[in-house]
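**Q** mind folding the following:
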Amino acid sequence: EALESNINKHFRAELLDRNKELIELSEGLQELNLTLQIVGKIKCCYDLMEESNEQLAAGKWFAAAQSLNRVFSLLREPCSQLNQADLKILPAIKTELVNQKHKLYQHLKQRWEASVRLRSDNRDGNISHTMCLSGGGAADDNQEQLAELVQALHATDLLDDVIGPFVQKLDSDFIQVMVTRPWSVVNPSNTEFTLTADTTSSNNKEEEEESDPIKVFGNLKLMLEFLHEHLNVALEREEEEAEAGTLLQRIGDKLSTGFCQSIIKEVLAPAVPSSVSLLSDYEDVLEATESFHNYVVAKGFLSESNVSLLNYARNVDALFANKICQDLLVEAREVMKEDMFLTEVVKPGTMEAAEDPLNQPVEDGLDLPIPPNFSLPEKTFQFPACAISKSTLKVLDLAKRGLEEAVLAKPFCSLRLFNTVRNVFELWCAVVPTYHKSSLDSLPQLAAIAHNSAMYLAHRLISLGFVYKQRLTAALTAADSSDNNSHHYHHAAASPTFIDIVPRLRQVGGEMMLSSMRLQRDAVVSTLAGMNSVGSERRLSSGVDQAVRQFLHQLKHLQKVWSPVLPTDIYYRCIGSLLNAGVEEIIQRILCLSDISAEVSGQYCSLLNQIVSKAPEFFTPVGKEEDATTATATLEAHVKKWNKFLELIFVLNSSLRVIQDRWGEGSGILAREFTADQVKQLIRAIFQNTERRAEVLSKIK
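**A** Numbers count the residues shown, from 1 in each chain. Predicted coordinates:
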């Protein structure tokens, strides 16, 4: 026991001391391992940065970028059981690394700006755009140096930053100019690609032609070939597992949407034929488009999934229908906005006119049930002589052109064209009254021309459908039966007609004329308001005389502007309506007078007789001669209040006895025009209060 106690006493104390030493040695060994690891990382970072500097000086930019990237990777790897934030040397290393990387960035950007240059020149009217791609070294090493530069930019994440301005410039100065107008490509060299255009030869718009698709595709192929030769550089990194493609593919990804849209808008859309006869020529454009698409896909500029060019070019039937219908409506709208004062006189043709659609035979097996001995009047179905705007004739020619195209087109397009022609006349009803509204309101002659134009279109539409009935019905029926959703076209397909548009055109034409007539009537009423001027007991006010003279002057002016334009019967009705409104206003104002002296009554008769003497002249069309009897008869037929007006003058210039006889106990001529109260009012105003007047008043009832 004593021995065991002695051993425990001495050896246990020694064992504890040795265990403590072992722990201290283990901790020291761990510190040495961490120190060695840190020193090794620092040494590796130093060696990589030195290597990067040497590679940069040697022009190995991609390798320099990779070296710096490895330094960043090392610094991002944590050391076991050590907080790197406690190491004071690491911030210094990171600062140096950032400086190194900034230096590399600046160098790469400068090299890119020196190697990739796009410039524009304008010398003596000759515009040129030049693209220069060179690595900055010898001619044989240009492509290798440029590839080295691109890979370095990709490795340092600078590629998107530097190609952004390049892509914008490439699009604006090369792609857009090549698709919008003809350009010449100077033979590309190893490092330069140049476009030239002579602006002095394109100042004349008539000589400037639309872009030829085949030539545009040829120029674009030359440019893409140049880009493929220099920029088809594979983009790769050490840490990337999947391939990043090539620089040309990345440029294509940024440009593809706008590139395809520009070609469609500026090249393919104008190349779509605007006539059925030109459809065969479009096959060449389609072949060129397919060839171009295959080329750009093969070069990697477009992805295989991007088939927008092919889809557009192959959809020729819908494109043709859209274009021809759109062009027809646009041209019709522009024609409708033309000056309507440019007119042409149309006259009724003869019944034997072979070109008249109504006289063309219709092989439908139906004959009009006209009795054999019944003779039609000479002017049956004929439009009266009048002036219409030349723009109206252009609209009608456009409609006929559209129908001729519909006859030749495929059923689908034929149906759309037929309905577009119908829409042309609907458009006329909307555009003309709106676009020319201010002129129609202020110029009565223009309102008359617009009225005639609407009526002429309505007249022509009555027979227009019959002309194309046999040639259009089959095509429209085929199109209608092939489209289950074309229920709203069924009526048109069954029988191509424009009859349903005729009432609308007549309504619009009548409204334009009636609106102008209302303005003229209001002007007449406003003019005759001057008859309310109060004069003396012995003399009419000068305002009364001026009002009547102005009224006659207004009618004379309307005769000058309406008579050469309107059909004769329409002119009679219009001028007669305004004359009727004027004499009715005069009658009402005189009936409202409470006291008319003998002198004033005589002056009224003299003044109103001026209207009586001049009124027949308004019913003699300008340039025609008619005897007074015919003119007077026409006047009486179109002025309802004319006889009443004459009776008023008669009363103003007659005695009580004559008035009583004229009344004829309620059955005379005067009684047919005036009521008993109106006659009594005139008698009280004209004659003094005497027993004789009282006796006459008592007999008028």
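
**Q** quick one: low-confidence parts of the stretch 351-500 of the chain?
**A** For the stretch 351-500 of the chain, applying pLDDT under 70 flags the ranges 351-370, 376-380, 473-495.

**Q** again, 90 this time
**A** Applying pLDDT under 90 to the stretch 351-500 of the chain flags residues 351-384, 404-417, 462-498.

**Q** going along the chain, name the helices of it.
**A** Remark: helices assigned in the stretch 351-500 of the chain by DSSP state H, counting those that start in this stretch are 390-408, 411-435, 437-442, 444-467, 469-482, 490-494.

**Q** repeat that for the stretch 151-300 of the chain.
**A** 159-170, 176-180, 213-231, 247-263, 269-271, 282-298.

**Q** and the next element down the chain from the last one?
**A** In this case it means helix 282-298. Downstream of helix 282-298, the next assigned helix or strand under DSSP states H and E is helix 308-314.

**Q** hang on, the earlier thing: out of the helices of the stretch 351-500 of the chain, which comes closest to residue 700?
**A** Set against residue 700 and scored by Cβ to Cβ, those come closest in helix 444-467, at 42.2 Å. Where C-beta positions appear, they are placed from N, C-alpha and C, glycine not excepted.

**Q** and that closest one, how far out from the chain middle?
**A** 26 Å (Cα atoms, centre = their mean, to the nearest Å).

**Q** what packs against that helix?
**A** When contacts are defined as 3 or more Cβ pairs under 8 Å, 6 or more residues apart in numbering; DSSP states H and E, helix 444-467 sits against strand 386-389, helix 390-408, helix 411-435, helix 437-442, helix 502-528, helix 542-562.

**Q** next, the angle from the third one to helix 444-467.
**A** Put simply, helix 411-435 runs at 170 degrees to helix 444-467, going by axes from the mean of the first three to the mean of the last three Cα atoms, to 10 degrees.

**Q** which elements pack onto helix 411-435?
**A** helix 316-336, helix 390-408, helix 444-467, helix 469-482, helix 490-494, helix 502-528.

**Q** thought residue 214 was touching residue 284, still the case?
**A** Yes. With contact defined as Cβ atoms under 8 Å, residue 284 and residue 214 form a contacting pair (7.0 Å).

**Q** the two: which has the busier surroundings?
**A** More crowded of residue 284 and residue 214, by other Cβ atoms under 10 Å: residue 214, with 16 against 12.

**Q** coming back round to it: now the helices and strands packed on helix 444-467 in JSON lines, with mean neighbour count and distance to residue 166?
**A** Shown next, in JSON lines, are these (neighbours: other Cβ atoms under 10 Å; distance: least, Cβ to Cβ, whole Å):
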{"stretch": "strand 386-389", "mean neighbour count": "23", "distance to residue 166": "56"}
{"stretch": "helix 390-408", "mean neighbour count": "19", "distance to residue 166": "47"}
{"stretch": "helix 411-435", "mean neighbour count": "20", "distance to residue 166": "44"}
{"stretch": "helix 437-442", "mean neighbour count": "14", "distance to residue 166": "53"}
{"stretch": "helix 502-528", "mean neighbour count": "18", "distance to residue 166": "58"}
{"stretch": "helix 542-562", "mean neighbour count": "17", "distance to residue 166": "67"}
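
**Q** out of those, which gets nearest to residue 106?
**A** helix 411-435 (61.6 Å).

**Q** could you check the angle helix 390-408 makes with that closest one?
**A** Using the same axes, to 10 degrees: helix 411-435 against helix 390-408 is 170 degrees.

**Q** what angle do helix 316-336 and helix 411-435 make with each other?
**A** 20 degrees.

**Q** can we start the residue count at 11 from this point?
**A** Shifting the count to begin at 11 puts that one at helix 421-445.

**Q** run the angle between helix 421-445 and helix 512-538 for me.
**A** Going by the same axes, to 10 degrees, helix 421-445 makes 0 degrees with helix 512-538.

**Q** helix 421-445: how far from the chain's middle?
**A** The answer for helix 421-445 is 15 Å, by Cα atoms, centre = their mean.

**Q** so which residue is dead centre in this structure?
**A** Geometric centre of the chain, nearest residue: residue 340, 8.0 Å, by Cα atoms, centre = their mean.

**Q** ok, which of the helices of the stretch 161-310 of the chain comes nearest residue 629?
**A** helix 279-281 (57.1 Å).

**Q** for the closest one, give the mean pLDDT please.
**A** Helix 279-281 carries an average pLDDT of 87.

**Q** what comes up buried for that helix?
**A** Residues residue 281 are the ones in helix 279-281 that count as buried (16 or more other Cβ atoms under 10 Å).

**Q** could you do stretch 235-243 as well?
**A** For stretch 235-243, a neighbour-count test (16+ other Cβ under 10 Å) marks 236, 237, 238, 240, 241, 242, 243 as buried.

**Q** not counting its own residues, what contacts that stretch?
**A** By Cβ atoms under 8 Å, 6 or more residues apart in numbering, the residues outside stretch 235-243 that reach it are 141, 143, 152-153, 156-157, 160-161, 198, 201, 203, 256-258, 261, 309-311.

**Q** from those residues, which would you call buried?
**A** Of these, these count as buried by 16+ other Cβ under 10 Å: 141, 143, 152-153, 156-157, 160-161, 201, 203, 256-258, 261, 309-311.

**Q** just the C-alphas of stretch 512-523, formatted as PDB.
**A** Taking C-alpha atoms only, stretch 512-523 is exported to PDB below (Å, rounded to 0.1, in the frame of the first residue of the first chain):
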ATOM      1  CA  VAL A 512     -78.100  53.200-101.500                       C
ATOM      2  CA  PRO A 513     -80.500  54.500 -98.800                       C
ATOM      3  CA  ARG A 514     -77.600  55.400 -96.600                       C
ATOM      4  CA  LEU A 515     -75.900  57.400 -99.300                       C
ATOM      5  CA  ARG A 516     -79.100  59.200-100.200                       C
ATOM      6  CA  GLN A 517     -79.700  60.000 -96.500                       C
ATOM      7  CA  VAL A 518     -76.200  61.400 -96.100                       C
ATOM      8  CA  GLY A 519     -76.400  63.500 -99.300                       C
ATOM      9  CA  GLY A 520     -79.900  64.800 -98.300                       C
ATOM     10  CA  GLU A 521     -78.700  65.700 -94.800                       C
ATOM     11  CA  MET A 522     -75.700  67.700 -96.100                       C
ATOM     12  CA  MET A 523     -78.000  69.600 -98.500                       C
END
